[in-house]
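**Q** just the structure for this:
(chains A, B, C and D)
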Number of protein chains: 4
Amino acid sequence: MKKLNWGMIGGGEGSQIGPAHRLGAQADGHFAFVAGALDHRPEVGRDYAQRLGIAADRAYGDWAEMLAGERGREDRVDLVTVATPNATHFEITKAFLEAGFHVLCEKPMTMTVEEGEEIVRVAARTGRLCAVNYCYSAYPMVRQARAMVRTGDIGRVRLVVTNFSHGHHGDATDADNPRVRWRYDPAMAGVSGQFADCGIHALHMASFICDDEVETLSADFASTIPSRVLEDDAMVNFRLSRGTVGRLWTSSVAIGRQHGFDIQVFGETGGLRWASEQPNQLIYTPVGGRTQIMEKGEAGLYADAKRLSRVAIAHPEGFPMAVANIYCDLADAIRGQLRDGLPLAASGVRSMAAVHGAVASAKAGGAWLDARPPMFR
Amino acid sequence: MKKLNWGMIGGGEGSQIGPAHRLGAQADGHFAFVAGALDHRPEVGRDYAQRLGIAADRAYGDWAEMLAGERGREDRVDLVTVATPNATHFEITKAFLEAGFHVLCEKPMTMTVEEGEEIVRVAARTGRLCAVNYCYSAYPMVRQARAMVRTGDIGRVRLVVTNFSHGHHGDATDADNPRVRWRYDPAMAGVSGQFADCGIHALHMASFICDDEVETLSADFASTIPSRVLEDDAMVNFRLSRGTVGRLWTSSVAIGRQHGFDIQVFGETGGLRWASEQPNQLIYTPVGGRTQIMEKGEAGLYADAKRLSRVAIAHPEGFPMAVANIYCDLADAIRGQLRDGLPLAASGVRSMAAVHGAVASAKAGGAWLDARPPMFR
Amino acid sequence: MKKLNWGMIGGGEGSQIGPAHRLGAQADGHFAFVAGALDHRPEVGRDYAQRLGIAADRAYGDWAEMLAGERGREDRVDLVTVATPNATHFEITKAFLEAGFHVLCEKPMTMTVEEGEEIVRVAARTGRLCAVNYCYSAYPMVRQARAMVRTGDIGRVRLVVTNFSHGHHGDATDADNPRVRWRYDPAMAGVSGQFADCGIHALHMASFICDDEVETLSADFASTIPSRVLEDDAMVNFRLSRGTVGRLWTSSVAIGRQHGFDIQVFGETGGLRWASEQPNQLIYTPVGGRTQIMEKGEAGLYADAKRLSRVAIAHPEGFPMAVANIYCDLADAIRGQLRDGLPLAASGVRSMAAVHGAVASAKAGGAWLDARPPMFR
Amino acid sequence: MKKLNWGMIGGGEGSQIGPAHRLGAQADGHFAFVAGALDHRPEVGRDYAQRLGIAADRAYGDWAEMLAGERGREDRVDLVTVATPNATHFEITKAFLEAGFHVLCEKPMTMTVEEGEEIVRVAARTGRLCAVNYCYSAYPMVRQARAMVRTGDIGRVRLVVTNFSHGHHGDATDADNPRVRWRYDPAMAGVSGQFADCGIHALHMASFICDDEVETLSADFASTIPSRVLEDDAMVNFRLSRGTVGRLWTSSVAIGRQHGFDIQVFGETGGLRWASEQPNQLIYTPVGGRTQIMEKGEAGLYADAKRLSRVAIAHPEGFPMAVANIYCDLADAIRGQLRDGLPLAASGVRSMAAVHGAVASAKAGGAWLDARPPMFR
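**A** Numbers count the residues shown, from 1 in each chain, chains lettered A, B, ... in the order given. Next comes the predicted model:
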């Protein structure tokens, strides 16, 4: 099968997310990395792109140059990944969609709900894919959990409880470190700190596994380090459309928690538990029965869990392979087979509505508010 | 050292809590079990008491008979444990305190805040001990956590997160089982179900380790099994008096969680984690450092953690020994040395105020309310 | 039910094992602690016994005095626990058995195989119980494992793998500490160090769960700290009488392992795993199926696992309660109901034969030797 | 940097190891996959290679054709991976080395010690790399362990204990399944079953982390399923050249263990523990101190652990990335920087000597034998 062409905007030398995308796109052989505008400093970006093996004429200085360069080519990129600073996602994503490119956008997809709705509309109008990198949802055992819920293996879901709480911003003496500080500064991060950064992964995961959407929420935000304007700890209670009760705790001052992302789903006839630090197991307890350890690669998993795993049972597959699974789904989609589970722009705008809803609720003393974007009410 | 005399009300044959109290009182040799009114059926109780080795004249038919019988004896019991149905705690406890007995009351100490305040006043007036069986607080590594917080080992506490969530009432087909049903029936359980049953252990633990008191809270209650009037799942956000942010989740429908009681405490310079199912370890992470596993029995623990442990490092001590630690502290207190950490009536009334506060907050859509008993405002 | 009378030899103030026996004997109310010769210093022992509540005339100066004092009493002790230094077990145990007392002897029961066989014969002749404190075998979930094997739940047992490896003697700078040194000094410890100290618990456990006996073994011993004459690390391969392959590793220099006692049993149709640091769970995997977590207190356990548990599922019961279970079985045996599973003198002598066999095998470069006492060949 | 050219022999459609190599070679962008002889059925292999994107003229029917085709090209492959059935490794590897290609050979490198020594000599003579895929040694935290040992962080190593025991061949009803059966059939597997299959990974790991070599060993082999000629369970005691005591258990009938590969290293001043199912943590206990959890990505790791990790702390990296690390080291080596830790032919022949030594020892009742290849004695 011919490789698809892929390009990247952002993700320059030294970035965290750049290598994950390059691994993810190339590992399974679906994409050839042929174009990039990798750095906000044009020369630095051009140089780095060439060191990564990109031809000089496709090593661009900025995204506009890349758009201009690629749109005219016969061998233009099939997919563009946008991994630039958050505030630029909207403009770049919109421009590439309108020029007929498929886009994978890093989260958060936009800064406002309005922008998010605009992306949804542009994607619909152009018929291009706009995916959002909710990569945790692509772990095989997360897909297994979703399939179990859909199949009814745990009955109607009563309750979903998720945490994404780490301690990496818990050192007050490090709070002025620019790589930390911007996250809690409204001028750079927008209306929300930790909830927008990590909480929305957890909220997406809750919707994803329950195969349902958030309707209302009530939030409690705290800035536990006094110099911070935005929250570094948040609790969000929510309700899904079919009545499932949701609870989400996110923190960046939970010293001792490393990645700290887990989810528990409790239905009428069983419970499930998954944690991102041991992603190859799914813990399942049928009501009245014993807790069982399900393993990636075991016999009898649902199709998606099988399809998105590469090596044998108990050979762990980690974060880079989860990102690669997003690219597998994208390759299939570009080739015409849209897989259930690929997170699209609708998920991106729902996250933004939840962020803005949670901020408003926290300001209103925990009042329950509608968390849906107007277009989905 | 002469043994103290001990009697028990409730805890009859087949009860869960009876054996734990008898083990707890007798294991370390502090108390001789000499009197009891063990069952609501007088003859059954008298018979069972005698089978447990109690003399016929101290095997009572009910608590009033026991009060009458014991108050006049020279060798009267030094301590009475009240392990009767919740709604009777107030009357019995009050009567024994007023007659000059020390009392250990099962939780919840009372059904209303007013009753709780009355118990506090009676205990103060009579100079008798009224302890409440928050036995989890007597695990050695919980005492260690409290001592670490007090000593400043993790700095000012920013955040405390605790869960007491199990799945043992998650089977809807079992919901009408009388042993389950009463807990969610206001006629029998009062204003709250799961929060009053398990949540108050967690809330007490948060206060206990942080050495601080709950001031305000905001609650979200849910009855996930429709036939239930009272909540089987609750989230309570709270604030302690020194500004610590608190989060508490309690559930009885979390299928797959067995005991499900854990607590995480995050301060400026470190984090702690403890779980009731592995009670002999305390997980500690200094800010910027590695997570360390502290073990009951390791060198260098604080005095209380050392004092309340019996066997060598890594020989687990479990729930019966935690209850026994409450009795160790009670024996010391009766003999004149009141130990820090023994939970007294003030803790009991604070729990009741939190229960009533949480119920009111949940009804008011999560409004933040004062959670203190009037006497402590 | 009338309490039985109990006395103890050894286990004085500051000893590790003394409190465990006193807790174990008294916790469930089966035994009254009425006599003792607790210390090798007569006055110290008498004083400590009285402080523990023993009457002056039964607070003995040494074991011979206790034997003389108790044998003539109408209310003589029903059971004597021998918790003195290892080299004295034989003499004391034999004397009390011959005087008609039941005995619980600490392990190792004797120093030689000949002494062990003599104890077996004396117990048979006098009709008295001689139990050995293989207390780990009394954990509820260990009894469950044994019952599962017997019932055929995992089929014929192919393989049993057990470790008892800790790191508490791994500090060479502490090796001359007298409390450590004696264990590796043949003058005090006999022919074996770590294998005789901890390994025999593991070997007993293997036999116990498999309900079979060791026939042959091959050993590799090492003294990893050069000043030690006896081994501080040993590997013993063995075969049970029905062909089960056994593997046992024991070490005292495994720095980082705390208690480090676990066992895995693999049969034709399933596998089991138990660890002393999480004693309330038994991990079970049916062949071709998922790993399941069995919990003490869950529905459907075999009778012994049920009988020897006191508190509800997921309320941990630890080491003191395991010792208490030995005393429960002893109380039943004294009252006429000999429970399967109570470890008796035959187990004690088998351990001694295994110790001497392993020492000989290690000296002979791992030669396979008969590990049975002559009386059981 | 220009990509290197890479080809593969074996690893056809449906094989387990093929995808791991393709991921490993391509993930970091070091190698372009340009040639292959992927299947023992020429047409099937040619077809599959082309479906994977290989040009028709480099989609070969067998290894000899590939050797002939590649040796003459200017753009010939820089590296050939040999992932064919074990008995063919020697011939293919030797042929490619002699033709001037670098080779990565799957384990076992050869079937005999003599063949292994021949490969070592050929590699030396030709100056070509012959690496062996001991991929577990390329996990970042394994490299960290090796660096800690070398740096002296745990002092002289006294003891190394490793297990590679799974249960995937424990079902007797599946024993005749051809994919299982060949492993225990001397006609196909050679002299050893489970030890040659999994045990040598563990033995290599022991040498690797201890930075030392096995000198002598004593083995106990068992065929727990009667129809098997070769062992499905083995215990091997060994000694490294500097006196370290080694213990290795490997099994394929340990039902309930999934991957089951772990290693513990105990030195004079500390202990280490690593397990392949949680490969991103290294557990470290300094003597007299607390157990600490070291995390891939934490600050202060040694250079190799840092270099071979791609994503942030607590984002798990799994088996495919470990294989990719072997390819990273190979790319560096081909480009002129030979990294410490890349497993070469010397490791391959040592493994074969250990296999043959263990077989002989087991036959000789556990006799201690020299486990070194003659060339390294």
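
**Q** in the stretch 1-150 of chain A, what residue spans correspond to helices?
**A** A:17-26, A:42-51, A:63-71, A:89-98, A:113-126, A:140-151 (DSSP state H, counting those that start in this stretch).

**Q** how is chain A partitioned into domains?
**A** A:4-135, A:137-311+A:345-363 (automatic domain parsing).

**Q** which residue sits closest to A:D47, ignoring its sequence neighbours?
**A** A:A59 (7.7 Å; CB to CB, 6 or more residues apart in numbering or on different chains). Placement of C-beta: from N, CA and C, glycine included.

**Q** equivalent analysis for A:G246, please.
**A** Setting aside the residues directly before and after it, A:G246 is nearest to A:F238 in space (CB to CB, 6+ apart), at 3.9 Å.

**Q** for the record, mean pLDDT for stretch A:41-49?
**A** Average pLDDT, stretch A:41-49: 97.

**Q** and for stretch A:328-345?
**A** Average pLDDT, stretch A:328-345: 97.

**Q** what's the end-to-end length of that stretch?
**A** 18 Å (CA to CA, to the nearest Å).

**Q** could you list the residues of chain A in contact with chain C?
**A** The interface of chain A toward chain C, taken as CB under 8 Å from any CB of the partner chain, is made up of A:G288, A:R290, A:T291, A:Q292, A:I293, A:M294, A:E295, A:E298, A:A299.

**Q** buried among the residues you listed? Make that a ChimeraX selection.
**A** Applying 16 or more other CB atoms under 10 Å in any protein chain shown to the residues of chain A next to chain C, the buried members can be selected in ChimeraX as follows:
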select /A:290,291,292,293,294,295,298
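
**Q** helix, strand or coil: sort out the closest residue to A:Y184 other than its chain neighbours for me.
**A** What sits nearest to A:Y184 in space, not counting adjacent residues and going by CB to CB, 6+ apart, is A:R228, at 3.9 Å. When classified by DSSP: H, G, I helix; E, B strand; the rest coil, A:R228 comes out as coil.

**Q** okay, A:R228: pLDDT?
**A** Confidence score, pLDDT, at A:R228: 97.

**Q** isn't A:G341 right up against A:S137?
**A** Yes: between A:G341 and A:S137 there is a contact at 6.6 Å, judged by CB atoms under 8 Å.

**Q** which parts of chain A sit against chain D?
**A** Going by CB under 8 Å from any CB, the residues of chain A near chain D are A:1-3, A:16, A:19-20, A:22-23, A:26-29, A:33, A:51-53, A:166, A:168, A:258-260, A:276-280, A:295, A:310-321.

**Q** buried ones among the residues you listed?
**A** The neighbour count (16+ other CB under 10 Å) marks A:3, A:19-20, A:22-23, A:26-29, A:33, A:52, A:166, A:168, A:258-260, A:276-280, A:295, A:310-311, A:314-321 as buried among the residues of chain A next to chain D.

**Q** report the contact partners of whichever residue of the stretch 51-200 of chain A sits closest to chain B.
**A** Residue of the stretch 51-200 of chain A nearest chain B, by CB to the nearest CB: A:R158 (3.9 Å). Counting by CB atoms under 8 Å, 6 or more residues apart in numbering or on different chains, A:R158 makes contact with A:T244, A:V245, A:F266, A:G267, A:E268, B:T224, B:I225, B:D233, B:V253.

**Q** can you lay out these as CSV showing secondary structure?
**A** Listed next are the contacts of A:R158 as CSV, based on three-state DSSP:
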residue, secondary structure
A:T244, coil
A:V245, strand
A:F266, strand
A:G267, strand
A:E268, coil
B:T224, coil
B:I225, coil
B:D233, strand
B:V253, coil
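
**Q** want to try TSV for these, with neighbour count and pLDDT as columns?
**A** Formatted as TSV, those follow (neighbours: other CB atoms under 10 Å in any protein chain shown; pLDDT from 0 to 100):
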residue	neighbour count	pLDDT
A:T244	24	98
A:V245	24	98
A:F266	30	98
A:G267	25	98
A:E268	19	98
B:T224	25	98
B:I225	20	97
B:D233	28	98
B:V253	29	98
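
**Q** and those, which is closest to chain D?
**A** In terms of CB to the nearest CB, no member of the contacts of A:R158 lies closer to chain D than A:F266, at 25.2 Å.

**Q** so what's that closest one closest to, chain neighbours aside?
**A** A:L159 (4.3 Å).

**Q** phi and psi next, for that neighbour.
**A** Main-chain torsions, A:L159, degrees, to the nearest 10: phi -150, psi 140.

**Q** list the contacts of it.
**A** A:T244, A:V245, A:G246, A:R247, A:V265, A:F266, B:A222, B:T224, B:D233, B:S251, B:V253, B:A254.
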